[in-house]
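Visitor: Fold the following.
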Amino acid sequence: MSLTREQVAHIAELAKLELSGVAIESMTRQLSEILDYAALLNQLDTDALAPTASVIPNQNVMRADLVTPSLPRETALRNAPDTDSQREFLRVRAILDD
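Guide: Take a look at the predicted model:
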């Protein structure tokens, strides 16, 4: 499939790219070659191949999600630099301006 210069200029505009005339010509050729290669790949018979998301065997390395007791509030707040007056919550400085 061969792209036109106008199509590449439109794609560049959608991508908010400012391309010179030489760059548009170069991109027209390169993008057309990519589309030609994709069309070639579409001709391959893949009916006998199982669908896959990855070509390497993946395994889950995450541990099981177990419910465990959380830290007591006093322990969590022990080293807190700033808390409320009842020592129930952490206080942090605002990082956004009004």
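
Visitor: Can you tell me which residue is spatially central in this structure?
Guide: A53 (16.2 Å; C-alpha atoms, centre = their mean).

Visitor: How many residues are close by the closest residue to T83 other than its chain neighbours?
Guide: Spatial nearest neighbour of T83, excluding adjacent residues (C-beta to C-beta, 6 or more residues apart in numbering): L77 at 5.5 Å. To be clear about C-beta, it is placed using only N, CA and C from the backbone, and glycine gets the same treatment. As a burial measure, L77 scores 15 neighbours (other C-beta atoms under 10 Å).

Visitor: what sits against L77?
Guide: Counting by C-beta atoms under 8 Å, 6 or more residues apart in numbering, L77 makes contact with 83, 87-88, 90.

Visitor: at 7 Å instead, please
Guide: 83, 87, 90 (C-beta atoms under 7 Å, 6 or more residues apart in numbering).

Visitor: How about the backbone phi and psi for it?
Guide: Per-residue torsions, L77: phi -90, psi 0 (degrees, to the nearest 10).

Visitor: Would you mind measuring from it to V55?
Guide: 49 Å (C-beta to C-beta, to the nearest Å).

Visitor: got the CA positions of the longest helix along the chain in PDB?
Guide: The residue-count maximum for a helix in the chain (DSSP state H) belongs to helix 21-42. Presented in PDB, the C-alpha positions along helix 21-42 are these (Å, rounded to 0.1, in the frame of the first residue of the first chain):
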ATOM      1  CA  GLY A  21       9.000  18.900   2.700                       C
ATOM      2  CA  VAL A  22      12.000  16.600   2.600                       C
ATOM      3  CA  ALA A  23      10.900  14.900   5.800                       C
ATOM      4  CA  ILE A  24       7.400  14.300   4.400                       C
ATOM      5  CA  GLU A  25       8.900  12.700   1.300                       C
ATOM      6  CA  SER A  26      11.100  10.500   3.500                       C
ATOM      7  CA  MET A  27       8.300   9.600   5.800                       C
ATOM      8  CA  THR A  28       6.000   8.800   2.800                       C
ATOM      9  CA  ARG A  29       8.500   6.300   1.500                       C
ATOM     10  CA  GLN A  30       9.200   4.800   5.000                       C
ATOM     11  CA  LEU A  31       5.600   4.500   6.100                       C
ATOM     12  CA  SER A  32       4.600   3.000   2.700                       C
ATOM     13  CA  GLU A  33       7.400   0.300   3.200                       C
ATOM     14  CA  ILE A  34       6.100  -0.500   6.700                       C
ATOM     15  CA  LEU A  35       2.500  -0.900   5.400                       C
ATOM     16  CA  ASP A  36       3.800  -3.100   2.500                       C
ATOM     17  CA  TYR A  37       5.600  -5.300   5.000                       C
ATOM     18  CA  ALA A  38       2.400  -5.500   7.200                       C
ATOM     19  CA  ALA A  39       0.400  -6.500   4.100                       C
ATOM     20  CA  LEU A  40       3.000  -9.200   3.400                       C
ATOM     21  CA  LEU A  41       2.700 -10.600   6.900                       C
ATOM     22  CA  ASN A  42      -1.100 -10.700   6.500                       C
END
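
Visitor: Sweet, I'm off.
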